[in-house]
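Colleague: have a look at this prediction, sequence included:
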Amino acid sequence: MSEKQDVSVFPVTGWRVGPLLGHDVILMQFHFITSTLHPLDESQDGILYGITPDMARALIIQLEGSIESFRTSQIYSPDETNH
């Protein structure tokens, strides 16, 4: 994605995903903390996004590709603890 070291990153602590009934839209909202020093119970709700089913499929493919990149690189650790 970006090789820059000065990019602000907000760790994701969870999410909500579901269809918008009566529309061809999937709603997504990420919960995040602004620093790794903040406790998980202080997570904030992010913006509510709406994407089409085709966009969701494309996102799944990109996420799977990113996961595979970790698996084939030296930085992947299957025992690493997740939030």
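Modeller: It's in. Residues are numbered from 1 along each chain as shown.
Colleague: so which residues of this structure form strands?
Modeller: Listed in chain order, the strands of the chain (DSSP state E) span 12-20, 25-32, 44-51.
Colleague: between those, which one is closest to Arg71.
Modeller: Ranking the strands of the chain by proximity to Arg71 (C-beta to C-beta) places strand 12-20 first, at 19.9 Å. For glycine as for every other residue, the C-beta is placed from the backbone atoms N, C-alpha and C.
Colleague: just the C-alpha atoms of that closest one, please, in CSV.
Modeller: C-alpha atoms of strand 12-20 as CSV (Å, rounded to 0.1, in the frame of the first residue of the first chain):
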residue,chain,number,x,y,z
VAL,A,12,-9.1,-1.6,13.9
THR,A,13,-10.7,-3.2,16.9
GLY,A,14,-13.8,-4.6,15.3
TRP,A,15,-16.5,-3.9,12.6
ARG,A,16,-20.1,-4.1,11.7
VAL,A,17,-21.1,-5.4,8.2
GLY,A,18,-24.6,-6.0,6.8
PRO,A,19,-27.0,-5.4,3.9
LEU,A,20,-29.0,-2.3,3.7
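Colleague: circling back: from the strands of the chain, which stretch is densest packed?
Modeller: Greatest average neighbour count among the strands of the chain goes to strand 25-32 (a mean of 16), per mean count of other C-beta atoms under 10 Å.
Colleague: turn the strands of the chain into JSON lines, columns for distance to Gln5 and mean pLDDT.
Modeller: Output for these, formatted as JSON lines (distance: least, C-beta to C-beta, whole Å; pLDDT from 0 to 100):
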{"stretch": "strand 12-20", "distance to Gln5": "20", "mean pLDDT": "96"}
{"stretch": "strand 25-32", "distance to Gln5": "20", "mean pLDDT": "97"}
{"stretch": "strand 44-51", "distance to Gln5": "24", "mean pLDDT": "96"}
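Colleague: so which of those strands is nearest Ile67?
Modeller: Here strand 12-20 is closest among the strands of the chain (C-beta to C-beta), at 14.7 Å.
Colleague: follow-up on the earlier one: take the strands of the chain and write them to TSV, including distance to Arg71.
Modeller: TSV is the format used below for the strands of the chain (distance: least, C-beta to C-beta, whole Å):
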stretch	distance to Arg71
strand 12-20	20
strand 25-32	23
strand 44-51	26
